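In: Model the structure of this input:
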Amino acid sequence: MATSRSLVIVESPAKAKTIEKYLGKGFEVRASIGHIMDLPKNELGVELKKRTFEPELIVSPGKEKVVDQLKKLAAKSDEIYLAPDPDREGEAIAYHLALQLGTNATARKKIRRVTFNEITKKAVLDAFSHPREIDRNLVDAQQTRRVLDRLVGYQISPLLWDKVRRGLSAGRVQTVALRLIVEREREIRAFNPVEYWTLEALLHPERHGDAKFKAKFTGIGGEPARVANGKDKDGKEQFIANALPDKKSTDEVLAALQDAEWRLASLQSTEKQRRPLAPFITSQLQRDAATKLGFNVRRTMGVAQRLYEGVDIGAEGATGLITYMRTDSPRVAPEARVTAREWIASGCGPNYLPAEPNTYRGKKDAQDAHEAIRPTDASRTPESLARYLSDEQLKLYTLIWRRFVASQMVPAVYDVTTATIAAKSRQTGKTYDFRVSGSVLRFDGFLKVYEFSDEKKDEDDESANRLPTLDGVNRLELDQLLPEEHATQPPPRYNEASLVKELEERGIGRPSTYASIINTIQDREYVVKHGGSRGRFYPTEIGVVVCDLLVKNFEYIFDTKYTAKLEEELDDIEEGKEKWTDLLNGFYGYFEKELKDAGKKMHNIKRLEEMTDEKCDVCGSPLVLKWGKFGTFYACSAYNKKDPTSCTFTKENIASKPDLNTPEAQEAGETEEYCENCGKVMVLRRGAFGPFMSCPDYNADPPCRTFRKLSQKQQQKPPEPTGEDCPVCGKPLVVRQGAYGEFVSCSGYPKCKYIKQNLIEGMKCPKCGQGDIAERKARRGNVFWGCTNYPKCDFTSNYKPVPKKCPQCGSPYLVEKTLRSGIYLECPNKKKSAEEEAATKRRGKKSPAAEEAGAIVCTYSKRIGNAPPPPTAATHGPVLEKAAERRELQPV
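Out: Reported below is the predicted structural model:
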């Protein structure tokens, strides 16, 4: 009897390598390398005339060979198992594979769907013993999200091209995330600090001078001390507790306490428990990895992907070490709780084990088909795996393992003591209230394995203080009064961890989308991140402009609450509670109306021309604010396109750029970029279409085919100090990136407009005799020299002038030329060599006036040095890859 042949298809080669060893003979495991079908790239691809919203799916460009190979293997197989990830994206991949492989009734009967939350032998074999049909509800939910994003992106982006700049794009969820960042930036800039004072008393029990402790001032005669701090977003008044409004009020309290009698008013001791946290869900893992490990979201998900798909751990081979990492459910399988409890009992002791396993419930029980992120086997401790894992894999696995094991342990127990203190002033007769709290850890419980950090902890929380024994104490003595001035701080800018938290709390996006949301708004250059691995997001000028235009013209579509409502409706589609076409019909009714209105009413930023109070540095005319390729800039109002002698002065609008001089932006940290699929540090390569970032494992086995093309602007460096001071205002000079390359200017811009010019010492302009000769850079990037009196004087030279007189014809200067044959000092009146003539023709330039009829022709030329060596990878960075490798790696 012939052995049956089964084809198993997963998304990634790493996952295929891991599960292949579990299935044994008769199974061939292949990878689709992600999605194989998508909407067409150059057209909408969604049916709108009849409002069916049917997507026009095609084989993704570049995936034709993969699909053909899978079709040939499917035709020879008796059974086809589709095993992509257990979420909407994975179900959609399985559905697209079924469309391509199930072209007839016979082929469709062979296709089954299998899912597993962890890649272990038990889980994989169990999944293959219980195959199912493709879940169309999951497919419809993913397809609806894709259609929504396509409708927004393809129909709004042309508006931005027309009104702002070509190449811009709009994303449905990404625009809402950008809106949060822009609104936070405006909140920070509009913030008005409020002054307040706090007061502490350093005390000790009578006749026990070495038992000192600090108590915080809380009020007078039972009335709490507080300072008004404006209103919240709902209009409710806010107050700063335990505070005095100004120095005068503080001095009055200090004076009253000089002769006060201090006594212990009350002493209360209680027991407090701190319960363990639930195992990680995706958003919490991303936040904890950011705050504790310094990983950005992309790196966290890349490292977690490899831990899930399988790592070689010696004799066991490639093994999945954690469960599926895109989940919003804290649920844990019963058998996983058993293994955790076994380790706790043996590794920590029975005192750390609760009588019954701890259980956790998610926000929506209907989505609890998934599990929390946990180790596939709690007995695999981080220490036992350390020799098999990379540094970043070990760090993340340790974080996941400790969080999961701690979730099955008993609470930590504290003894909390709170003392209230009364200071009776003889001067005023009033009683001034103070309070101090302290805690002592009696039993560490889950803290034995997991370090706890409370994000909601109040900065005034004194529970961590340690108090001396105050039992039986009545009178206290004052050592010192400690007043301190404060000012309220604006809300912090978002970093990746806090942005994920905000998106999650508002219901915007889902676990599988947070990383792509953050990556997209950075790739589009709508925000920049500064301050190292925990850097903060700053909106760019183009980001602010795009956000304002979209929010103003699409008030409903880009409303945060409506975006969250759409996510809930997508969940309803997944659960079979709503038809996907009903959601799209409701959405498109609002969208179509706003799209028509925006086409008529959206402000055209390209035509921006706003008169300012700034003056032209060259002619003194008022400057006009205009919009260009790199954002707003100042141009001289005296410029006339038809008059070649009119003033052409322009300068960058530095004030519109993000303020990167804040302490949080200057924080040092990692600048590497990490692969979103495996978490490794990306490497710079150069291809036929320019520089791009690629995963170092692009050609490894199994390969990781991640790459990202770099835009011209992304290659620019931040301002760097030169070590010199500005001769005008004394502030440091910095090297900046401008439209035509690097230049040195004052860091105090726009207040100080000094720009350092590279002048040729000891030389005045040979044409006008008044201006200096300065180095310039043309639009094409080539360097030339010109008179600083431009446009009044139009002297220019393509070669560096040298202040030496020509010994033959008497020219007041010579020029330095670097040719392939060497470096020469020549007369500017010398006739060009054949090499120079060829270079001039390539640039498309005409011969200079010196070579026209009647002009002086000089022959003076003197070799002064050798030509510089050709550029190499060591001197000029990475060079082009080998031809074969370049064809494989170049960005598409």
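In: Measure how buried residue 428 is and give me the count.
Out: Using other CB atoms under 10 Å, residue 428 has 16 other residues around it. C-beta: built from backbone N, CA, C; applies to glycine.
In: Pretty sure it sits against residue 256.
Out: Yes. The pair residue 428 / residue 256 is scored as a contact, 4.7 Å apart, by CB atoms under 8 Å.
In: tell me the contacts of the residue nearest the centre of the chain?
Out: Nearest to the mean C-alpha position of the chain, by CA atoms, centre = their mean, lies residue 518 at 5.1 Å. Counting by CB atoms under 8 Å, 6 or more residues apart in numbering, residue 518 makes contact with 177, 296, 297, 298, 496, 499, 500.
In: Remind me which helix or strand it belongs to.
Out: Using DSSP states H and E, residue 518 sits in helix 514-523.
In: Return that helix as PDB; C-alpha atoms alone will do.
Out: Extracted in PDB, the C-alpha atoms of helix 514-523 (Å, rounded to 0.1, in the frame of the first residue of the first chain):
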ATOM      1  CA  TYR A 514       0.900  48.400  17.100                       C
ATOM      2  CA  ALA A 515       4.300  47.700  15.600                       C
ATOM      3  CA  SER A 516       3.200  48.600  12.100                       C
ATOM      4  CA  ILE A 517       1.500  51.800  13.300                       C
ATOM      5  CA  ILE A 518       4.600  53.000  15.000                       C
ATOM      6  CA  ASN A 519       6.900  52.000  12.100                       C
ATOM      7  CA  THR A 520       4.700  53.700   9.400                       C
ATOM      8  CA  ILE A 521       4.500  57.100  11.000                       C
ATOM      9  CA  GLN A 522       8.300  57.100  11.300                       C
ATOM     10  CA  ASP A 523       8.900  55.800   7.800                       C
END
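In: pLDDT averaged over it, what's the number?
Out: Helix 514-523 shows a mean pLDDT of 90.
In: Would you mark the buried spots in it?
Out: Residues of helix 514-523 classed as buried by neighbour count (16 or more other CB atoms under 10 Å): 514, 515, 516, 517, 518, 519, 520, 521, 522.
In: Return the members of the contacts of residue 518 classed as buried.
Out: By 16+ other CB under 10 Å, these give 177, 296, 297, 298, 496, 499, 500 as buried.
In: Now flag whichever of those is closest to residue 593.
Out: residue 177 (24.2 Å; CB to CB).
In: For that closest one, list the residues it contacts.
Out: Residues in contact with residue 177 (CB under 8 Å, 6+ apart) are 499, 503, 508, 509, 517, 518, 521.
In: Need the residues you listed in TSV (columns: distance to residue 236).
Out: As requested, those are exported to TSV (distance: CB to CB, whole Å):
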residue	distance to residue 236
499	26
503	25
508	24
509	29
517	31
518	32
521	32
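In: Specify which member of those is nearest to residue 229.
Out: The closest of the contacts of residue 177, once distances to residue 229 are taken by CB to CB, is residue 499, at 25.0 Å.
In: Just say helix, strand or coil for that closest one.
Out: Under the three-state scheme (DSSP: H, G, I helix; E, B strand; the rest coil), residue 499 adopts helix.
In: Let me know whether it touches residue 181 as I believe.
Out: Yes. The pair formed by residue 499 and residue 181 meets the contact definition of CB under 8 Å, at 7.4 Å.
In: Identify the contacts common to these two.
Out: residue 537.
In: Which ones among the buried ones among the contacts of residue 518 map onto helices?
Out: Under the assignment DSSP state H, those contribute 177, 297, 298, 496, 499, 500 to helices.
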